[in-house]
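>>> Structure of the sequence below:
(chains A and B)
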Amino acid sequence: MMANDALHREEAEEQKSGWRDFPTHIVIFLAPATIVYTLFMVYPLIDSVRLSFYGTAEDGQFYFAGLQNYVVMMTDTLWSEPFWNALKNNFIFFLMHMLVQNPIGLLLAALLSLPQVTGRSTYRTLIFFPTMLSVVIIGFIWQLILSPLWGVSESLLGYIGLEAWFRPWLGEEGTALLTLSLISVWQFVGIPMMLIYAALLSIPDDLTDAGVVDGANHFWIFLYIKLPLILPAIAMVSILTFVANFNAFDLIYAVKGALAGPNFSTDIMGTFFYRTFFGFQLQLGSPTMGATVATLMFLVILIGVMLYLFGIQRRLNRFQL
Amino acid sequence: MTPSTIKSSWTAPLAVSAIALMLAGHAAAGELRIESWRSDDVDIWNDTILPVFHEKHPDIQVVFAPTPPADYNAGLNAKLAGGTAGDIITCRPFDASLDLFKQGQIIALNDLEGMANFSDVAKSAWQTDDGADTFCLPMASVIHGFMYNKEAFEELGVEPPKTIPEFMALLAKIEEEGSYTPLSLGTADQWEAATMGFQNVGPNFWNGEDGRKALIAGDAKLTDDAYVATFAHLAEWAPYMGNGYQAQKYSDSQNLFTLGRAAIYPAGSWDIATFNDQAIFEFGAFAPPVPEGADECYISDHTDIAMGINAASANQEDAKLFLEWTASAEFAELYANSLPGFFSLSSHAVELTDPVAQEFVSWREQCNSTIRNSYQILSRGTPNLENELWNVSAQVLNGTLSPEEAADQVQSGLAKWYEPQQ
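As a prediction, this is how the structure comes out:
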């Protein structure tokens, strides 16, 4: 009987503690982020997708139009040409970052993590510094440097006898986008450097020491030991670059304005969206068409991130260090 | 510090800012806020213009609250939609304001007495297409032409040109002499190419209002000789525009001229005030040169700026009182003289004191006035003619588009949506 009572008590306590075990603290800890994120990211995103299914009437009222905006965007050359042009330019912008920014970031991180380097934190700070500056300042500085009227680049080229190579790079159709991409690379190269550098630092010394004992030089150690270990970091840098580039807007707007000249050669999705949504000069803005562009931008980024998640991230080998 | 003082130290500023926000949203009676894109003029409004009004109407407090020009249209629309816009709205010409009127954001001003002081042409930029309703009170126009460095011209022994062949010979001579950039104009910002280039010299080719109205009626096309010739003339400028003009911005062009490094500057009259401040030499102005053998001259005298009343304003009576004042001779004189280069649109005779502004306004007597041909009706569709003109004019100056291709491109853009041109 006594034993039975004790058993009952234990069961009751177990039931009570079952309630007590409900992870209230997890809900509480997740709540601020979930609420803020839902309110300021998820809801506006869903609402702008909803808006893209509406048209704007003469008197400014919205009416439901189904997929009409998307049909116009894809079939009417007035919209499809600027759209594909902006998308193409955006891919060039992204490729320049992948081919120039991230390799240089990797190289700088590898150099910084060499044991013999002195003044490492000075370099790190200096290289990261432009990232912290406002894009408006970056745009202004580089326009001055490259200016054919007041800039130093012509005379600098002159010192090494290449004065004839100087062109108004920011003003010519063939070079404007590449120049802007390189300015952006210069500004943001600190970010891949820092992320990769952090990953390199987390590699235990015993691994590299073992490599040294086996007779590997720095290059081999980097190629066969460090690089495989930091691949997840590089993949993350790539996807961050992708998302940031397809959301880019500020540098182009600061340097070339919303019309992204000459002849739309620097027009990317962000500037195309701006002109469509807010209008420009005599072009009146259209919130519904703008929402369509925004949704397409979201789709492009979504597809890119999905490809990465299913195509690349799952195949990466991760090592427990 | 006790907990209660900590608490009050942050709640107090919070309460103050909350009250301030409420006040900003609901201006008290007797207070008017002006929305404007003329952020350059804020000192002149505060120090010169508004004090005169406040002296007359001490019970009305007017605040000039400008936004930067490039953000104005987008910002104003957002503010109107959100109900936080000021009582008085500075009106862009034609469709941007017409749209606001159609959406019921600004009110009709037909019964304003001061409206009688403005000509039909002046009012046309702020009327419905049938002319039945006027929704903004015209304020000022801007005139295009060329400004030149007088000292440089004396030094080189040259005179302002009258005809296009004279103009081209002059440019060639300045280039040959070599100490000045002949023409201070860049294409990086694109709009100068259209506004200071195409719209500046063009009216002489398409005969001003006649050509502009023929385009709207569909009787003329942008591929006609007049427009191709305008682009061809622009293309001739390129060799004289100085090194790397493709990357030269508006402010670069202004600086190049005010630093005395360029001889001629294709101008809008609004540049006068800036140049008065910055130029270290005497400068003058000449009207757009006419083609050889032309006996009439045409200038772009563009209706640029007006004022309307926010339909949601709680204080429309005071706003009307203020607009009546801006229609007066007193305001016209005050405005035109404190902002040389903005010419009053009212029929009051205004005495101008600035010599360059006098020169600009004197062309109204000698030449026929017109407005920019892309502003009325023709920029209503997609692609809109104004933005197209920026793009092709810049490309013609950059040499990446021939005059014929440029004319074709703008015409086919217009024909896509504008029925009379189809």
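
>>> What's the local residue count around the residue of the stretch 51-200 of chain A at minimum distance from chain B?
Chain B sits closest to residue A:148 of the stretch 51-200 of chain A, with a gap of 2.3 Å, by C-beta to the nearest C-beta. For the C-beta atoms, the positions are set from N, CA and C on the backbone; glycine is no exception. When neighbours are defined as other C-beta atoms under 10 Å in any protein chain shown, residue A:148 has 22 of them.

>>> ok, for it, nearest residue in space, not its chain neighbours?
With C-beta to C-beta, 6 or more residues apart in numbering or on different chains as the criterion, residue A:148 has its nearest non-adjacent residue at 2.3 Å, and that residue is residue B:244.

>>> sorry, back to before: isn't there a strand covering the residue of the stretch 51-200 of chain A closest to chain B?
No - with DSSP: H, G, I helix; E, B strand; the rest coil as the criterion, residue A:148 is assigned coil and is not in a strand.

>>> give the contact list for it.
Contact criterion C-beta atoms under 8 Å, 6 or more residues apart in numbering or on different chains gives A:154, A:166, A:168, B:243, B:244, B:245, B:247, B:248 as the residues in contact with residue A:148.

>>> Show me which of those residues are buried.
For those, a burial check counting by 16 or more other C-beta atoms under 10 Å in any protein chain shown picks out A:154, A:166, A:168, B:244, B:245, B:247, B:248.

>>> mind putting those in a markdown table, distance to residue B:256 included?
Supplementary listing: these in a markdown table, determined by distance: C-beta to C-beta, whole Å:
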| residue | distance to residue B:256 |
| --- | --- |
| A:154 | 15 |
| A:166 | 18 |
| A:168 | 14 |
| B:244 | 11 |
| B:245 | 10 |
| B:247 | 13 |
| B:248 | 8 |
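
>>> any idea which helix or strand carries residue A:44?
Counting by DSSP states H and E, the element that carries residue A:44 is helix A:43-51.

>>> Pull out the buried positions in that helix.
A:48, A:51.

>>> Tell me how far it lies from the chain's centre.
The gap between where helix A:43-51 is centred and where its chain is centred comes out at 21 Å by C-alpha atoms, centre = their mean, to the nearest Å.

>>> which strands and helices sit next to that helix?
When contacts are defined as 3 or more C-beta pairs under 8 Å, 6 or more residues apart in numbering or on different chains; DSSP states H and E, helix A:43-51 sits against helix A:287-307.

>>> From the contact counts, what lies against the helix it packs on?
helix A:43-51, strand A:54-56, helix A:68-75, helix A:77-96, helix A:227-246, helix A:269-278.

>>> Out of the ones you listed, which is the most enclosed?
helix A:269-278 (a mean of 23; mean count of other C-beta atoms under 10 Å in any protein chain shown).

>>> does any part of that one sit near chain B?
Yes - judged by C-beta under 8 Å from any C-beta of the partner chain, helix A:269-278 comes into contact with chain B at residue A:278.

>>> So which of the contacts of residue A:148 sit within helices?
Judged by DSSP state H, the contacts of residue A:148 include residue A:154 as members of helices.

>>> Distance to residue A:90 added to the contacts of residue A:148, as a markdown table?
Written out in a markdown table, the entries for these read as follows (distance: C-beta to C-beta, whole Å):
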| residue | distance to residue A:90 |
| --- | --- |
| A:154 | 30 |
| A:166 | 28 |
| A:168 | 24 |
| B:243 | 32 |
| B:244 | 27 |
| B:245 | 28 |
| B:247 | 22 |
| B:248 | 27 |
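
>>> Nearest to residue B:419, out of the contacts of residue A:148: which one, please.
Distance from residue B:419 was checked for each of the contacts of residue A:148 by C-beta to C-beta. The minimum falls on residue B:245, at 38.0 Å.

>>> Quick check: closest non-adjacent residue to that closest one.
Taking C-beta to C-beta, 6+ apart as the measure, residue B:245 lies nearest to residue B:186, with 4.8 Å between them; neighbours along the chain are not counted.

>>> Flag the shaky bits of the chain, pLDDT-wise.
Let's take chain A. A:1-20, A:321 (pLDDT under 70).

>>> Sorry, I should have been clearer: chain B.
Scanning chain B with the threshold set as pLDDT under 70 gives B:1-29.

>>> By proximity to chain A, which residue of the stretch 51-200 of chain B wins?
Closest contact between the stretch 51-200 of chain B and chain A, by C-beta to the nearest C-beta, is at residue B:74 (3.9 Å).

>>> Which residue lies nearest the spatial centre of the chain?
In the absence of a named chain, this looks at chain A. Per C-alpha atoms, centre = their mean, the C-alpha nearest to the average position across chain A is that of residue A:244, at 2.0 Å.

>>> Can you look at chain B instead?
Centre-nearest of chain B using C-alpha atoms, centre = their mean is residue B:304, 4.8 Å out.

>>> Give the buried residues for the helix or strand containing the residue of the stretch 51-200 of chain B closest to chain A.
When secondary structure is defined by DSSP H and E, residue B:74 falls within helix B:69-82. Buried positions in helix B:69-82, judged by neighbour count with 16+ other C-beta under 10 Å: B:72, B:73, B:74, B:75, B:76, B:77, B:79, B:80.
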